[in-house]
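Asker: Compute the structure for the input listed below.
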Amino acid sequence: MNTTHGLLFEVDRDGDNFFMELKAVGKLTHQDYERITPLIDDALEGVANPKVNVYFDGSEFEGWELQAAWDDLKLGLKHGKKFHRIAIYGNQRWMDIVAKIGTWFISGEVKCFDTPFDALAWLREE
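Answerer: Numbers count the residues shown, from 1 in each chain. Here you go, the predicted model:
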C-alpha cells in the first residue's frame, strides 16, 4: 500500500473562465480537503458566473478515507453548478466511480480518459 498521499492543485483564470488541475496521490484524507477547499473557495470568490474546467489526474489515486469522501461530497454540493467539464485520467478502478459520483453533483459533463492528452484536448474543445 502506498503511504504517500496528497492533493496537488493549480488554478488558472481568464475572466470568468477557470482551469483547475488536480492530482490525487494515494488515499485522500480529511486534512487534504482542509487544505484544498479554501483554495478552491478563494479562487471562485466574487465571481458571479464562473465556468470551471477541471483536469483530474487520478493515475496514483487510491480512494478516500471516510471523512475525506464526505468532504468531497460537500465540495461538490457547494460548487457543483460552477463546473462545466471535468476530465478524469488515471487509475481505471477509481475513474468510473469518480465520474459516476461527479455527475450527481455537478451541472456539467464528466468523462474518463486513457491518456492525459485526450483529457486535455476534450477540455480545450468549444
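Asker: for this structure, what's the longest strand?
Answerer: Scanning the chain for the strand with the most residues, using DSSP state E, yields strand 51-64.
Asker: So for that one, mean pLDDT?
Answerer: Confidence over strand 51-64, taken as the mean pLDDT, stands at 88.
Asker: tell me what the next helix or strand after that strand is packed against?
Answerer: Of the helices and strands lying after strand 51-64 in sequence (DSSP states H and E), the nearest is helix 66-79. Under the contact criterion of 3 or more C-beta pairs under 8 Å, 6 or more residues apart in numbering; DSSP states H and E, the helices and strands touching helix 66-79 comprise strand 17-28, helix 30-44, helix 92-105. Bear in mind the C-beta positions are built from the backbone N, C-alpha and C, glycine included.
Asker: For residue 124, see how far away residue 67 is.
Answerer: Between residue 67 and residue 124 the distance is 35 Å, computed by C-beta to C-beta, to the nearest Å.
Asker: do the same with residue 7
Answerer: Applying C-beta to C-beta, one obtains 23 Å for the distance of residue 7 from residue 124.
Asker: Residue 19 now?
Answerer: With distances defined as C-beta to C-beta, the gap from residue 19 to residue 124 amounts to 9 Å.
Asker: Show me which of those two is the more surrounded one.
Answerer: Neighbours of residue 19 and residue 124, each counted by other C-beta atoms under 10 Å, are more numerous for residue 19; the result is 17 against 11.
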